[in-house]
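Novice: Build the 3D model from these lines:
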Amino acid sequence: MEAAEWLINYNWEKNQDCEQILKNLQAGNSLIVISNFPLNDTELQSFVHNIGITLKEKRNNNGKDVFDVKITRQNNFFTSIANSNLSFPLHTDCADFDSIPNAIGLLCVEPADENQGSNNFMFLKSLLKKISQNEKQKLLNKKWKLRNQERSILSIENGSYAICYDRITMESFSELNNDEIKELNELDKLFNSLSFKIKLDKGDLILFRNDLILHGRDKIDINSNRLIKRIRFNIYDFS
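Specialist: Numbering: from 1, shown residues only. Have a look, this model is predicted:
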């Protein structure tokens with residue numbers, strides 16, 4: 001899969017056409033990259049408020065909308081996998097939340113060194129083309145434990161498929177048997193075969209659907225200054 005097939009590119013303007021970007025997100029068929037975006041929380045929050053309702057989380061910067069994804073350690077331990085230098089497998093953000101946000105924004109403030117820290121994406125539509133109806137039904141039927149939630153990997157919402165997958169959380173809160181581990185290994189292999197990479201440049205803001213796309217990242221150097229500002233939100237529904 002070539003990333004160019006799925007990219008819609010914009011160059012940041014102060015009076016950005018938010019209506020068209022919202023329509024692109026509602027359609028859910030593309031990744032949206034806005035180049036030369038301002039590198040601060042206030043501009044990011046203000047822009048996203050035009051296209052959706054943001055999630056405010058305690059661990060966000062000042063408890064507001066934006067979270068700094070950078071290498072952060074306390075007592076020599078990473079504070080989270082997002083704040084580590086480790087690769088992050090393809091997943092859905094907030095898969096264990098009561099309500100999962102359907103969109104994510106990632107603003108690159110400081111990229112990783114060359115050949116490190118690429119973002120990986122897999123479109124649900126690519127998966128649906130690849131698997132049989134029986135395989136779809138299996139993914140619809142089987143529930144997996146995600147902390148206090150039980151969810152299937154595929155679901156049908158408003159007549160359309162959606163995806164929810166976070167193997168790290170599945171394995172952290174369940175004792176999976178050998179057949180389940182084998183099943184997830186096969187899924188990971190399939191997901192990776194359908195994925196593609198995008199290396200964000202400084203000032204790139206990428207927007208994508210969290211319910212229609214899995215995302216992850218490659219490993220980075222432990223001393224990297226890579227900084228990504230993340231904002232989670234639910235897009236406005238004007239249907």
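Novice: how about low-confidence regions in this structure?
Specialist: Residue ranges of the chain with pLDDT under 70: 1-4, 238-239.
Novice: Work out for me the element the residue minimising distance to the centre of the chain sits within.
Specialist: By CA atoms, centre = their mean, the chain has its centre lying nearest to His215, at 4.4 Å. Secondary structure from DSSP states H and E places His215 in strand 213-217.
Novice: Which strands or helices does that strand pack on?
Specialist: Contact analysis of strand 213-217 by 3 or more CB pairs under 8 Å, 6 or more residues apart in numbering; DSSP states H and E lists strand 88-91, strand 119-123 as its packing neighbours. Bear in mind the C-beta positions are built from the backbone N, C-alpha and C, glycine included.
Novice: Dihedrals phi and psi, Lys189?
Specialist: phi -60, psi -40 (degrees, to the nearest 10).
Novice: swap in Asn24?
Specialist: Torsion angles at Asn24 (phi, psi; degrees, to the nearest 10) stand at phi -60, psi -40.
Novice: Show me where the protein has its helices.
Specialist: All helices of the chain, identified by DSSP state H, fall at 18-27, 41-48, 124-130, 133-141, 167-172, 178-193.
Novice: Which of the ones you listed sits closest to Ile220?
Specialist: In terms of CB to CB, the element of those nearest to Ile220 is helix 167-172, at 17.5 Å.
Novice: buried stuff in that closest one?
Specialist: By 16 or more other CB atoms under 10 Å, the buried positions in helix 167-172 come out as Arg167, Thr169, Met170.
Novice: Tell me which residues are up against that helix.
Specialist: Outside helix 167-172, the residues within contact range by CB atoms under 8 Å, 6 or more residues apart in numbering are Ile81, Pro89, His91, Ala95, Asp96, Trp144, Lys145, Leu146, Arg147, Leu176, Leu184, Asp188.
Novice: Out of the residues you listed, which is nearest to Glu110?
Specialist: Of all those, Ile81 has the smallest distance to Glu110: 19.1 Å, by CB to CB.
Novice: Distance-wise, check the closest one relative to Asn61.
Specialist: Going from Ile81 to Asn61 by CB to CB, to the nearest Å gives 19 Å.
Novice: Note down every partner strand of the strand holding His215 and its orientation.
Specialist: Strand pairing for strand 213-217, determined by DSSP bridges: strand 88-91 (antiparallel), strand 119-123 (antiparallel).
Novice: Brilliant, that's me finished.
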